[in-house]
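K.L.:
Sequence and computational prediction follow.
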Amino acid sequence: MSLLDDVSIVVTPNGYNAGELYAVKPTYALGSEVMTNGVFNADDTSSWNGFYDSFTFTTDHYNLQRTAGDARVRKIFSPALIIGNMYIVEVVAKSASGDNILVGVTNSGDIQAELAVKTTSSSYQSFTHTFIAGANTTYATLWNGGSNSNVDYQSYSIKQVTSADMDVTRASAATRVDENGLVNYAEIVGGEEITNGDFATDSDWTKSSGWTISDGSANCLSGSGQVIKQINTLIIGKYYKLTLTVSNFVSGYIGSIGNDFGGVIAQANGLYEVLGTATSTDFGIVANGGFTGSIDNVSVKEVTRDNVPRIDYSGGGCPHILAEPLRTNLSNQNVSAWGVTNITKVLNDTTSPDGLNDGVKITATSEIQPRTEAGGGGVPVSDTKYSFSAFVKKGNTPYIALSRYSGSQSAIFNLDTKSIVTSSTENATIEEISNGWFKISITQTVLATDTYNLWKINLTNGSTTNVGVVGDYMYIWGGQVEVGSFSTSYIPTSGSTVTRVQDQFSRDGISSLINSEEGVLFVEMAALSNDGTTKRFTLNNGTTSNRIILQYSSVDNVLNYYFVLSGSNQCAISYTLSNATDFSKIAIKWNTNDFALWVDGIERGSDTSGNTFSSGTLNSLDFDGGTGSNSFFAKVKQLQVYSTALSDEQLIQLTGTSGTDFYESYAEMASALTYTIQ
């Protein structure tokens, strides 16, 4: 029997949209229609019952008029909805008077789930609402919520949703390492908003005096306040990315109108990229300061960064899903603005990890502490762990050091050997990124006696942190100071601190995809750090009483498997990994009197006594303990849920470190399905 026959959920780093990480299996699908007589083409008052105010059937719709209290019509579900499953409701309705259209499901009296839309329309529109069926989901319900309101409903449809797509929540932008080894934002870029951005013709642009279009560019001579623009191009409040090329530059600068792309976009030849929120529907470039020069290849595209899952390629090989905690980069300036001592600094001297030409060259001018200093937000919080990181690239020396400004804690790195030469910090790491760039970091508890939250990058002779060699140079980029016991992905700053919100992954309403009585959960994953916290991945029913827990323990490198039934552990199996931050293939099995933990092809623990859940108990998959606590901060290459308790031979095949035909087939499938919805 093939493993493919038993797998019910497969999630890998493949297709995604803002707020969603798409599952390979099962793909999104809708079941058959649950509602009978949901199209109101005949009077069906025998099953649709109105109460409160006026409820009438007219030709092809029900009309609900409210004068006081509530106007509602409902119909009992038959057959009943399945508790724990996801459903989507769609109604077709109109409200010419601009009143509230409400649709949902209720118990005998109270609203259990609802969608409310206030609209004015003389024609029918479709409205949808997705919900998880609960114990009180008894009635299909229509009602309106406006005083003296009048709403017409034409149809009501309800279907079960079958999908393991993960809901992704992170209300902020976040960076990752992409497939080309570049550090950039996880984002979804929309279509082009600009017409004739290459200025192939003298059209589509509204020009004030001073601007001309010729020879494939827009040209300006001594411009001060002159604008070239396009009308009704943007949507106010949307976030956009502007790119353009400046050539033939002589003097002045260019900015923009109708958005917050910044006062000065460019004041030299080159390719420029800026982002901002539209404050007007018009987009324009304004010439200032006597600007003389040309622009070309103007592009404006909507960009979505909040809630976009991060498919990260750091470490090379297959990508992984990256889930990190909330962090703030306390260094409110990038490395180009840091202070220097006994070094020279050349800005924009090499291509940096983000692919732009903004790497900074630093050169030692003295043997005595050649360094650049990063601020970390004023006076530090005493007895608190801080992590300091930066991207570095070898110049004529492989040696670089990170250190505290006050205190003796430091670490020296050798980029040639990709190693830590020496460290007196609590933790030091080095990670190769791409194109000769490395990310290095240190972690240290800041004591009450430390007055300044300052950190240093030192050019060193390789043996003593504070002693350098005159003429030695190196490239740096992207420094970060953050509160935390390990360094996280880069959070760009420029003039102010920036916070990246926690990544959260979950999917509920999937009781039909989880066999609560027997099965296997398989995850290929690595912890972000051994940081003394408990990190849980669970199958659950929204409570702590019934859940299957796979966790990294608060004890370094310890992996735990718990099967919790009605608040009681049916199994508690532990195994010590050689290093929790390395990827492992892990499977946990459950069946009555048959529980086991498998890691990298070997059964690491078992329990032959215990009960499992009744059918339909589990309905959620979460990167946390099931109720939001003990968040699962880790890297995940793949996860699967199986509907049967696999045999030992199958578990060897599934978790074996040499790989299996099954894994390769899904890797190929995931590769073929890699896409984003734009």
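P.N.:
Ah, there it is. Numbers count the residues shown, from 1 in each chain.
K.L.:
can you tell me which strand in this structure is longest?
P.N.:
Ranked by residue count and defined by DSSP state E, the top strand of the chain is strand 283-304.
K.L.:
My guess is V10 contacts L654. True?
P.N.:
No. V10 is not in contact with L654 according to Cβ atoms under 8 Å; the separation is 12.0 Å. All C-beta atoms are positioned from the backbone trio N, CA, C, and that covers glycine.
K.L.:
which parts of the longest strand of the chain are buried?
P.N.:
Buried residues in strand 283-304, counted by 16 or more other Cβ atoms under 10 Å: 283-289, 291-300, 302-304.
K.L.:
Let me know the pLDDT of S46.
P.N.:
Looking at S46, its pLDDT reads 64.
K.L.:
whoops, L447 was the one
P.N.:
L447 carries a pLDDT value of 81.
K.L.:
Now do the contacts for the closest residue to S554 other than its chain neighbours.
P.N.:
Spatial nearest neighbour of S554, chain neighbours left out: T534 (4.9 Å); criterion: Cβ to Cβ, 6 or more residues apart in numbering. Contact analysis of T534 by Cβ atoms under 8 Å, 6 or more residues apart in numbering lists 551-554, 630.
K.L.:
want to throw those into a markdown table with pLDDT and secondary structure?
P.N.:
Shown next, in a markdown table, are these (pLDDT from 0 to 100; DSSP: H, G, I helix; E, B strand; the rest coil):
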| residue | pLDDT | secondary structure |
| --- | --- | --- |
| Q551 | 97 | strand |
| Y552 | 98 | strand |
| S553 | 97 | coil |
| S554 | 96 | coil |
| N630 | 95 | coil |
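K.L.:
Buried subset of those, written for ChimeraX?
P.N.:
Applying 16+ other Cβ under 10 Å to these, the buried members can be selected in ChimeraX as follows:
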select :551,552,553,630
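K.L.:
got the contacts of T534 as TSV, with distance to G134 columns?
P.N.:
Shown next, in TSV, are the contacts of T534 (distance: Cβ to Cβ, whole Å):
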residue	distance to G134
Q551	28
Y552	32
S553	33
S554	34
N630	25
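K.L.:
quick one: which of the contacts of T534 is nearest G84?
P.N.:
Nearest to G84 among those is N630, at 22.3 Å by Cβ to Cβ.
K.L.:
In contact with that closest one, which residues?
P.N.:
Here N630 is in contact with 533-536, 551, 624 (Cβ under 8 Å, 6+ apart).
K.L.:
What strands line up against the longest strand of the chain, and which way round?
P.N.:
Here strand 283-304 is paired, per DSSP bridges, with strand 188-192 (antiparallel), strand 217-223 (antiparallel), strand 226-230 (antiparallel), strand 239-257 (antiparallel).
K.L.:
Those strands: which one's closest to S331?
P.N.:
That would be strand 239-257 among those, by Cβ to Cβ, at 24.1 Å.
K.L.:
and the closest one, what's its mean pLDDT?
P.N.:
The average pLDDT within strand 239-257 is 93.
K.L.:
Restricting to C-alpha, output the helix or strand following that strand in CSV.
P.N.:
Past strand 239-257, further along toward the C-terminus, the next helix or strand under DSSP states H and E is strand 270-277. These are the backbone C-alpha positions of strand 270-277, laid out as CSV (Å, rounded to 0.1, in the frame of the first residue of the first chain):
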residue,chain,number,x,y,z
GLY,A,270,20.9,55.2,-11.3
LEU,A,271,18.0,52.7,-10.7
TYR,A,272,15.8,53.7,-7.8
GLU,A,273,13.1,51.8,-5.9
VAL,A,274,10.9,53.4,-3.2
LEU,A,275,7.7,52.4,-1.5
GLY,A,276,4.8,54.4,-0.1
THR,A,277,1.1,54.7,0.5
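K.L.:
Could you report the distance from S163 to T27?
P.N.:
7 Å (Cβ to Cβ, to the nearest Å).
K.L.:
Same question for D165.
P.N.:
Distance check for D165 against T27: by Cβ to Cβ, it reads 9 Å.
K.L.:
now Y475
P.N.:
Counting by Cβ to Cβ, the gap from Y475 to T27 is 45 Å.
K.L.:
just the strands in the stretch 451-600 of the chain please.
P.N.:
Residue ranges of the strands in the stretch 451-600 of the chain, as given by DSSP state E, counting those that start in this stretch, are 454-459, 473-483, 498-500, 504-508, 519-527, 535-540, 547-552, 558-565, 568-576, 584-590, 595-599.
K.L.:
for these, which one sits closest to I265?
P.N.:
Here strand 498-500 is closest among these (Cβ to Cβ), at 20.8 Å.
K.L.:
quick check: mean pLDDT across that closest one?
P.N.:
pLDDT averaged over strand 498-500 gives 96.
K.L.:
Residues contacting it, please?
P.N.:
Strand 498-500 has contacts (Cβ under 8 Å, 6+ apart) with 170, 172-174, 324, 326-329, 488-489, 491-492.
K.L.:
Could you pick out the buried ones from those?
P.N.:
Among these, those scoring as buried are 170, 173-174, 324, 326-329, 488-489, 491-492 (criterion: 16+ other Cβ under 10 Å).
K.L.:
hmm, back to that, between Y475 and T27, which one's more packed in?
P.N.:
Y475 (22 against 13; other Cβ atoms under 10 Å).
K.L.:
what's near enough to touch that one?
P.N.:
Y475 sits next to 349-350, 352, 359-362, 392-395 when contact means Cβ under 8 Å, 6+ apart.
K.L.:
what does the model give it for pLDDT?
P.N.:
98.
K.L.:
Which strand or helix spans the closest residue in space to it that isn't next to it in sequence?
P.N.:
Using Cβ to Cβ, 6+ apart and skipping residues adjacent in sequence, the residue nearest Y475 is K393, 4.1 Å away. Using DSSP H and E, K393 sits within strand 384-394.
K.L.:
Touching whatever helix or strand comes next after that strand from outside, list them.
P.N.:
As assigned by DSSP H and E, the chain's next helix or strand after strand 384-394 is strand 399-404. In this structure, residues lying in contact with strand 399-404 by Cβ under 8 Å, 6+ apart are 388-390, 392, 409-415, 421, 425, 428, 440-442, 444, 446, 450, 454-462, 465-466, 472, 474.
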